[in-house]
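In: Return a 3D structure for these sequence lines:
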Amino acid sequence: MTPSELELNEFIKIINEMSGIDLTDKKNILALKLNKFLEGTNTKNFSEFLGKLKSNRQLKQETLDFVTIGETYFLRELAQLKEIIYYAKSLEKRVNILSAPCSSGEEVYSLALLAAQNF
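Out: Take a look at the predicted model:
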């Protein structure tokens, strides 16, 4: 059940809309790993999977679990971190930022460093 280029681009777009994660630069490895993941989704083809992904909450969570990487390091996903800081700065008031999913704190310190540079 290998996705076509168009289907893979649609998948990447959906993931980006759901999570803010941009998988464009991981397209080749993603296409390979998706086959194994799709075996457990009870779908006949990738097109059907994409349709279910848009409306099935459990499948959305399972898919996000599949594409997210359990790692932490300083300035990971720098574009996302910068976007958070730019948004917070646009509010022109004090904000609190919760970074709950970080395992050992590198993302929080990265946000603090970026905030210190921009406020």
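In: Domains in the protein, by residue range?
Out: Here the domain assignment for the chain is 5-67, 78-118, based on automatic domain parsing.
In: got the ones you listed as JSON lines, with mean neighbour count and mean pLDDT columns?
Out: In short, each C-beta sits where N, CA and C put it, glycine included. JSON lines is the format used below for those (neighbours: other C-beta atoms under 10 Å; pLDDT from 0 to 100):
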{"stretch": "domain 5-67", "mean neighbour count": "14", "mean pLDDT": "92"}
{"stretch": "domain 78-118", "mean neighbour count": "13", "mean pLDDT": "87"}
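In: Can you name the next helix or strand after the longest helix anywhere in the chain?
Out: Secondary structure assigned by DSSP state H gives helix 5-19 as the longest helix of the chain. Downstream of helix 5-19, the next assigned helix or strand under DSSP states H and E is helix 27-38.
In: and the angle for that following helix with helix 5-19?
Out: Angular relation of helix 27-38 and helix 5-19 on a 0 to 180 degree scale: 80 degrees, by axes from the mean of the first three to the mean of the last three C-alpha atoms, to 10 degrees.
In: what does helix 27-38 rub up against?
Out: 1-3, 8, 11-12, 23, 46, 49, 63, 66-67 (C-beta atoms under 8 Å, 6 or more residues apart in numbering).
In: Please repeat the previous calculation with a cut-off of 7 Å.
Out: 1-3, 8, 12, 23, 46, 49, 66 (C-beta atoms under 7 Å, 6 or more residues apart in numbering).
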